[in-house]
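Visitor: The following block contains a protein sequence and its predicted model.
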Amino acid sequence: MYDVVVIGSGPAGYVAAIRASQLGLKTLCIEELIDDSGKPSLGGTCLNVGCIPSKALLDSSHRYYEANKKLSEHGINISSLKLDVAAMMKRKDDIVEKLTGGISGLFSANKVESMMGRGSVISQNIVKVTKSDGSSEEVEAKNIVIATGSSPIEIPAAKFGKKIVDSTGALSFDEVPKSLGIVGAGIIGLELGSVWSRLGSKVTVIEALDTFLPMTDPDISKETFKEFKNQGLDIKLNSTLTSSKELKNSVKVTYEQGENEVEDEFDKLIVAVGRKPNSSEILSKELNIKIENGFIEVNQHCQTSLKNIWAIGDVVRGPMLAHKGSEEGIMVAERIAEKHAEVNYDLVPSVIYSHPEIAWVGKNENELKDESVQYKTGKFPFAASGRALAVDQSTGFVKVLSDVKTDTILGVHVFGPAAAEIVQQALISMEFGASSEDIALTMFSHPTVSEAFHEAALASNNQAIHIGNKSR
Ligand code: FAD
Ligand code: NAI
């Protein structure tokens, strides 16, 4: 009998399993994914076909773009620049292999057992594991943690095929499509659209909503829309794909843009309209655990209606982010070990790894207005940052929102260099209840792009040094 059986080895599941074992619990992690060579592929979407391979390609494509378009400004001329897509893909695949293999090493070091196969919970304490050869075995568990993640959504207007692909397919094109259509201007659409646009594709993004990145602060939404357009992403808002057809060498699509019906043709079409939780056939109906819109229902501690069955990561409510799943994994392992643990869902950072990056934490202006919170704004443009100018990354700004009465920081929104790292600094300060004055009174190294956060905090109280203040 295991103390803990985790189903799924993504960033939620493998972290839960390692923490549980560190806490002295006998732990098994079940994973169904096998790589092309028949070896177990641990690490879930994040390591295999998500966060890591996409960031590897974002980096490679950015270097290519810089070499192609930017280095001459620095007096560096490359006469015969050549793109080798196969080498780029190999580098990405090597990184994935190293990291997924690393999880097996972490499992051995932490005494987590792993088992290949598809897990399903057939009773409150029994998980059935079906192997790829059709055989099955049952394992007994005091606690079960479901961490089965999510999969790309397929829409009737664009069934996946050879040229119509999901995010996984878009991470493995063997050549740069001359023209690329993307359905959905969400995080995947923008990150992968950036990759292929930098490598030379003419990218058209078809987005159903009439607001760009509605989950971001309105200033970020406005500025980033302009920047993506400048970078060559032709983003069609208020446009819904109605049909698509794979032809011999292309994909023909029709979409409704407002009142108009538009036809277009691309070499490839990426469908990135969101992801759906992997919750079907995981839980026996007799357990009576509720599933709402595919998400397994849990309380704030990721516990289902049965005390010993937990669910974490993309398969439960909240943002579909690796770090959110990992923190839930740690919380659940600690709770199983009867320790006190919480996740602060108010401070989950978000990052879009475009160039410049977009990152935020806490509330944005729209949310504060909806909640009738009285707030003040401190904003600092990277155009006024010495370091940002020196490294040729002066687009964007840092925006700090704080409570009018208490000066407590309520949200930080960054579009610009190292946005993810700056937001992380902000988040740490917010965990400790910082006010914008606390940040203003903190010394920042010069010259760093983080100084823009310092200046934005100073600007909240009309004290910024390197920009003209609002009223004085
Ligand atoms: P998953 O990572 O999906 O892992 C679930 C695992 O469970 C899988 O390995 C699956 O094979 C296994 N499984 C499923 N059912 C069973 C079963 N019945 N039995 C056994 N095993 C099973 N998030 C970020 O935070 N930052 C990023 O930069 C980022 N980039 C992304 C880029 C792309 C292209 C994509 C697609 C996603 C990205 N994400 C990113 C999202 C991130 O990958 C997910 O939020 C994260 O992987 C969810 O973790 P998880 O452990 O809940 O599920
Ligand atoms: P998403 O939810 O971010 O965006 C999907 C977009 O598609 C939305 O703007 C939506 O309005 C649009 N859409 C939906 N149906 C449509 C249709 N029929 N026609 C046109 N547009 C349509 O989903 P996405 O980009 O697929 O990513 C899934 C999740 O993966 C993200 O929500 C995020 O949680 C995670 N992710 C995180 C990353 C990061 O942290 N950097 C990177 C990539 C993914």
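Guide: Great, that's in hand. Ligands and ions are numbered 1, 2, ... in the order given.

Visitor: In this structure I336 contacts G24, no?
Guide: No: between I336 and G24 there is no contact under Cβ atoms under 8 Å: 10.8 Å. C-beta: built from backbone N, CA, C; applies to glycine.

Visitor: neighbour count winner among the two?
Guide: More crowded of I336 and G24, by other Cβ atoms under 10 Å: I336, with 23 against 10.

Visitor: Let me see the contact set for that one.
Guide: I336 is in contact with 3-4, 20, 23, 25, 143, 310, counting by Cβ atoms under 8 Å, 6 or more residues apart in numbering.

Visitor: What helices and strands are in contact with the biggest strand by length in the chain?
Guide: Longest strand in the chain, counting residues (DSSP state E): strand 136-146. Here strand 136-146 touches strand 2-7, helix 13-22, strand 27-31, strand 118-123, strand 126-130, strand 309-311, helix 322-336, going by 3 or more Cβ pairs under 8 Å, 6 or more residues apart in numbering; DSSP states H and E.

Visitor: Of all these, which one is nearest ligand 2?
Guide: Evaluated with Cβ to the nearest ligand atom, the helices and strands packed on strand 136-146 place helix 322-336 nearest to ligand 2, the distance being 7.4 Å.

Visitor: Apart from its chain neighbours, what residue comes closest to L171?
Guide: Leaving out its chain neighbours, the residue that sits closest to L171 by Cβ to Cβ, 6 or more residues apart in numbering is P53, at 4.9 Å.

Visitor: State the helix or strand in which the one you found lies.
Guide: Assigning secondary structure by DSSP states H and E places P53 in helix 51-65.

Visitor: mean confidence for that helix?
Guide: Computed over helix 51-65, the mean pLDDT rounds to 98.

Visitor: my read: S402 touches I409, true?
Guide: Yes: using Cβ under 8 Å, S402 makes contact with I409 at a distance of 5.1 Å.

Visitor: Give the residues shared as contacts by the two.
Guide: Joint contacts of S402 and I409 (Cβ under 8 Å, 6+ apart) are 435-436.

Visitor: higher neighbour count, these two?
Guide: Taking other Cβ under 10 Å, S402 and I409 do not tie; I409 has more neighbours (27 against 24).

Visitor: How about the contacts made by that one?
Guide: 362, 400-402, 426, 429-430, 434-436, 439, 457.

Visitor: backbone phi and psi for Q124, please?
Guide: Main-chain dihedrals, Q124, degrees, to the nearest 10: phi -60, psi -30.

Visitor: ok, now D174?
Guide: phi -90, psi -10.

Visitor: Just give the closest residue to it, not the sequence neighbours.
Guide: Nearest residue to D174, sequence neighbours excluded (Cβ to Cβ, 6+ apart): V85, at 6.3 Å.

Visitor: Am I right that the one you found is in contact with S172?
Guide: No: if you go by Cβ under 8 Å, V85 and S172 don't touch, sitting 10.0 Å apart.

Visitor: Read off the pLDDT value for I34.
Guide: So I34 comes in at 89 (pLDDT).

Visitor: Quick check: it touching L42?
Guide: No: counting by Cβ under 8 Å, I34 stays clear of L42, with 10.6 Å between them.

Visitor: does any part of stretch 210-222 sit near ligand 2?
Guide: No: using Cβ under 6 Å from any ligand atom, stretch 210-222 stays clear of ligand 2, coming no nearer than 7.5 Å.

Visitor: Compute the first-to-last residue distance for that stretch.
Guide: 12 Å (Cα to Cα, to the nearest Å).

Visitor: Cheers, nothing more for now.
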